[in-house]
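> generate a structure from the sequence data that follows.
(chains A and B)
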Protein chains: 2
Amino acid sequence: MKRPLILVTNDDGISAPGIRNLIRIMNDFGDVIVVAPDGPQSGMGHAITIEATLRCDKVVIDKGPQIEYACSGTPVDCVKLAVNQLIDRKPDLLVSGVNHGSNSSINVIYSGTMSAAVEGALEGMPAIGFSLLDYAHNSDFTEAEIYIRKVTESVLKNGMDRGVCLNVNIPKIKDESIKGIKVCRQANANWEEEFEERVDPKGRTYYWLTGKFVNYDKGTDTDEWALANHYVSVVPVQFDVTAYPSISTLNKILSDE
Amino acid sequence: MKRPLILVTNDDGISAPGIRNLIRIMNDFGDVIVVAPDGPQSGMGHAITIEATLRCDKVVIDKGPQIEYACSGTPVDCVKLAVNQLIDRKPDLLVSGVNHGSNSSINVIYSGTMSAAVEGALEGMPAIGFSLLDYAHNSDFTEAEIYIRKVTESVLKNGMDRGVCLNVNIPKIKDESIKGIKVCRQANANWEEEFEERVDPKGRTYYWLTGKFVNYDKGTDTDEWALANHYVSVVPVQFDVTAYPSISTLNKILSDE
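All right, here's what the predicted structure looks like:
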């Protein structure tokens, strides 16, 4: 049997421990091509580079068998470049991450990691975004690896609904084990932002974004519930953002027919 | 009756004709505060600035009664700064645009204009993104204005479902009139990308993103159909991206209970 072709990307940059671990794991599943940002691209959402040029250079970072490219663009740029320019056949799987920090609930729309996975779904390939709820650079991926392998194996075997990708978040737990996997919906949560106002050495004002995460959603079918209860959360994610229930109301108010 | 407070932003930058026209129109509906990028931010999707500082300065661009701030960040940064730092009460309406070019179908997820509207919905305010299907800097907004006024009036009067914003696209038509408004779903369409590979003066390769828009969806209930048939398309947009129909299948394959 032919080994699957696996495209790996992330938003923390090609040298981040999260992606280095993910590449190591994926080498066991197939032939790996890495096309990842040459530096941090967190919070880039579904941004693409349309007003500037892109650089993309072949690099060697470790002794693994994968082929790697470092790209000057966003995570979504990386996927587009990989699929349309660098690889001559469609990958059998796209994996993005492992993100350093949560992409649960509303974070999915800000996340470069998840936007790369969504772009994979748009291009018609099964795609998974992995995130570990640990911002530390020296995170321990040992337990996460068990679940990354399990989800990857399942997706390679069963495929994925067209136009859907997976948002997989893995809790950080000390002194006990993860309880298992829960398939969930995205919790209704948000960031209550504050900006820290500072003054630069020349006397001009600038701002830093800070914020507090607030979960309004007590549903036990949500990703936030699963993570708080020591489960890995898996949310299927789509790119049709139409709010179907609102169509009929709006029709009454706005339509000209 | 108190005049509504209207927040205006865009992704083409604060000096683009699209937003200047939108500000002029909104001054008739309420008290206007503009917080918009200080330069082009097209294709930025839901990107936010988390690794860098933000600048935001009060500016005067024309003789209108609005208050204006030019911000160094993305459209979503502008909304967050406006709501959490610059304005002391929640705006009654957010309008974003008028974008120079279409944000129909899949463009909604790449669009900074629409991401600003989605961020407004997230912050709990009625929000509308307006786009005109004309990339020209000297676009004619005369006919567009009729529909911008109509949709704005309706939203100020009727409000909006919680967590929903509107993606309004206005066709560019010569020599005849727009037929009216259609409430639609997002068409299943995509970009078939190509990258133009070039070599810089130092001999190093770089890329430009180019692409062809392809509509796979022949549905007469889609935004692409409406626009092609000379209607203004209105798609209600939400930020819950859970693919609900996939949950039960995944449960069988992945869940540990």
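
> quick one: buried residues of stretch A:183-201?
Buried residues in stretch A:183-201, counted by 16 or more other C-beta atoms under 10 Å in any protein chain shown: A:183-191, A:193, A:195. In short, each C-beta sits where N, CA and C put it, glycine included.

> and stretch A:85-93, by the same measure?
A:85-87, A:91-93.

> of those, list those near chain B.
Near chain B, judged by C-beta under 8 Å from any C-beta of the partner chain, the entries from those are residue A:85.

> and the buried residues of stretch A:183-201, which is closest to residue B:227?
residue A:186 (29.6 Å; C-beta to C-beta).

> quick check, the closest one in contact with residue A:105.
Yes. Counting by C-beta atoms under 8 Å, residue A:186 touches residue A:105, with 5.5 Å between them.

> list the residues that contact both of the two?
Any residue near both residue A:186 and residue A:105 by C-beta atoms under 8 Å, 6 or more residues apart in numbering or on different chains counts here, and that gives A:222-223.

> what mean pLDDT does the longest helix along chain A get?
Ranked by residue count and defined by DSSP state H, the top helix of chain A is helix A:142-158. Across helix A:142-158, the average pLDDT comes to 96.

> got the contact list for that helix?
A:4, A:21-22, A:25-26, A:28-30, A:92-93, A:95, A:98, A:126, A:128, A:130, A:132, A:166, A:168, A:170, A:173, A:177-178, A:181, A:232, A:234, B:253-254.

> now do the helices in chain A.
Under DSSP H, chain A gives helices at A:17-26, A:75-81, A:112-122, A:142-158, A:223-228, A:247-254.

> contact partners of the shortest one?
The reference is to helix A:223-228. Identification of contacts with helix A:223-228 by C-beta under 8 Å, 6+ apart yields A:102, A:104-105, A:133, A:167, A:169, A:171, A:182, A:184-187, A:189, A:215, A:217-219, A:232-233, A:235.

> list the buried ones in it?
For helix A:223-228, by 16+ other C-beta under 10 Å, it's A:223-227.

> separation between residue A:185 and residue A:171?
Per C-beta to C-beta, to the nearest Å, residue A:185 is found 17 Å from residue A:171.

> whichever residue of the stretch 101-250 of chain A sits closest to chain B bridge partners, please.
Closest to chain B within the stretch 101-250 of chain A is residue A:180: 2.8 Å, counting by C-beta to the nearest C-beta. Beta-bridge pairing for residue A:180 (DSSP bridges): residue A:231.

> state the distance from it to residue B:246.
Residue A:180 sits 19 Å away from residue B:246, going by C-beta to C-beta.

> so if I had to pick from those two, which one is more boxed in?
Between residue A:180 and residue B:246, residue B:246 has the larger neighbour count (other C-beta atoms under 10 Å in any protein chain shown), namely 21 against 15.

> still on that earlier bit, the buried residues of stretch A:85-93 in strands, which ones?
Of these, the ones assigned to strands by DSSP state E are residue A:93.

> looking at the buried residues of stretch A:85-93, which is nearest chain B?
Nearest to chain B out of these is residue A:85 (C-beta to the nearest C-beta; 4.4 Å).

> which residues touch the closest residue to residue A:208 other than its chain neighbours?
With sequence-adjacent residues excluded and distances taken as C-beta to C-beta, 6 or more residues apart in numbering or on different chains, residue A:208 is closest to residue A:196, at 4.4 Å. Going by C-beta under 8 Å, 6+ apart, residue A:196 touches A:207-208, A:210.

> chain center to the longest helix of chain A: distance?
Distance, stretch centre to chain centre, for helix A:142-158: 15 Å (C-alpha atoms, centre = their mean, to the nearest Å).

> same check on stretch A:171-179?
Stretch A:171-179 has its C-alpha centroid displaced from the chain centroid by 21 Å (C-alpha atoms, centre = their mean).

> how about stretch A:140-156?
Mean-position distance between stretch A:140-156 and its chain equals 15 Å (C-alpha atoms, centre = their mean).

> hmm, stretch A:100-113 in reach of chain B?
Yes. Judged by C-beta under 8 Å from any C-beta, stretch A:100-113 comes into contact with chain B through A:106, A:108-110.

> picking that back up, what about the contacts of helix A:223-228, which are in strands?
Using DSSP E, those in strands are A:167, A:169, A:182, A:189, A:215, A:232-233, A:235.

> so which of the residues you listed reach chain B?
Checking the ones in strands among the contacts of helix A:223-228 against chain B by C-beta under 8 Å from any C-beta, the ones in range are A:182, A:235.

> and the ones in strands among the contacts of helix A:223-228, which are buried?
The neighbour count (16+ other C-beta under 10 Å) marks A:167, A:169, A:182, A:189, A:215, A:232-233, A:235 as buried among the ones in strands among the contacts of helix A:223-228.

> show me which residues of the stretch 1-150 of chain A sit near chain B.
Residues of the stretch 1-150 of chain A found near chain B (C-beta under 8 Å from any C-beta) are A:40, A:42-51, A:53-56, A:74, A:76-77, A:80-81, A:83-85, A:106, A:108-110, A:115, A:118, A:122, A:150.
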